[in-house]
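Asks: Quick one, structure for this:
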Amino acid sequence: MEKEHKWIEVKERIAHIHAEGGYAGIAERNPQTIQEIGARPPECVCCMDGRIAMDKNAIAIAGSGILIKDDPVARALFVESLRARGIKKVDLHDDCGAVGIYAKVNGISRELAEKEAAEWAGELTKEIGGEGEIEVLPVSLDFHPEVCAYLVLTDQFSLAGIDAFPAGFRTDCFCSQYGKCSCSDRCCVEHRSRRPRIR
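Replies: A predicted model of the protein is given here:
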């Protein structure tokens, strides 16, 4: 019943968005909501999993970065961005799909992949100047309720406490030097605008 109830809730939110004229309509009619979305700075790194990222003021990336840990360029850019934003906390979570991908790519067991994910979170925490134990967050659902993806191109974005939007995967652009970044992705150019873009 929980799964059915969740899908009904998601469909109702999607219907509401359509009735409001899409995300652009919501932005036009509810400027206070849009202001709230962009008002809270990120406090930690978390996974892009919609069961976690939707309720966090965070920088979201698959597996809290586990898939880029062995890429020196991406890793350095990620660390630089987190330091620039003053983020010093890294959260993991149960049942992480990115950890499963990491296990398959590296030909290791899920158990070993989870151990390496914890080690990675510890390394990242130290690299960004944090300390303390890594928190492994529980997930409230044993299935994925996401029906969309949020690509975040702003410094501050949080849907925590905002009920108008459906559950979705979320990923943040983590380039800290807007326009000066060595990354050629289009997101780096668009990232210069720090207002949330709702499309």
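Asks: Go through the helix or strand harbouring Gly122 and flag the buried ones.
Replies: Secondary-structure assignment from DSSP states H and E places Gly122 in helix 110-127. Residues of helix 110-127 classed as buried under the neighbour-count rule (16 or more other C-beta atoms under 10 Å) are Ala113, Glu114, Glu116, Ala117, Ala118, Trp120, Ala121, Leu124, Thr125, Glu127. (C-beta placed from N, C-alpha, C; glycine too.)
Asks: tell me the contacts of Gly97?
Replies: For Gly97, the contact set (C-beta atoms under 8 Å, 6 or more residues apart in numbering) comprises Asp49, Ala62, Gly63.
Asks: tell me the average confidence for stretch 83-96?
Replies: Confidence over stretch 83-96 (mean pLDDT, whole number) is 93.
Asks: buried set for it?
Replies: By neighbour count, with 16+ other C-beta under 10 Å as the criterion, the buried positions of stretch 83-96 are Arg85, Ile87, Lys88, Lys89, Val90, Asp91, Leu92, His93, Cys96.
Asks: and what of stretch 73-83?
Replies: Within stretch 73-83, the residues scored as buried using 16+ other C-beta under 10 Å are Ala74, Arg75, Leu77, Phe78, Val79, Glu80, Ser81, Leu82.
Asks: Just give me the closest of those residues to Gly22.
Replies: When the buried residues of stretch 73-83 are compared for distance to Gly22, the smallest value, 30.5 Å, is given by Ser81; criterion: C-beta to C-beta.
Asks: what angle sits between the helix or strand where that closest one lies and helix 110-127?
Replies: Assigned by DSSP H and E, Ser81 belongs to helix 72-85. Here helix 72-85 points in a direction 50 degrees away from that of helix 110-127 (axes from the mean of the first three to the mean of the last three C-alpha atoms, to 10 degrees).
Asks: Return helix 72-85 as PDB; C-alpha atoms alone will do.
Replies: Written as PDB, here are the backbone C-alpha positions of helix 72-85 (Å, rounded to 0.1, in the frame of the first residue of the first chain):
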ATOM      1  CA  PRO A  72      42.200  12.800 -10.600                       C
ATOM      2  CA  VAL A  73      40.800  15.700 -12.700                       C
ATOM      3  CA  ALA A  74      37.200  15.300 -11.600                       C
ATOM      4  CA  ARG A  75      38.200  14.600  -8.100                       C
ATOM      5  CA  ALA A  76      40.400  17.700  -7.800                       C
ATOM      6  CA  LEU A  77      37.600  19.800  -9.300                       C
ATOM      7  CA  PHE A  78      35.100  18.400  -6.900                       C
ATOM      8  CA  VAL A  79      37.300  19.000  -3.900                       C
ATOM      9  CA  GLU A  80      38.100  22.500  -5.000                       C
ATOM     10  CA  SER A  81      34.400  23.300  -5.400                       C
ATOM     11  CA  LEU A  82      33.500  21.900  -1.900                       C
ATOM     12  CA  ARG A  83      36.300  23.800  -0.300                       C
ATOM     13  CA  ALA A  84      35.200  27.000  -2.000                       C
ATOM     14  CA  ARG A  85      31.700  26.600  -0.600                       C
END
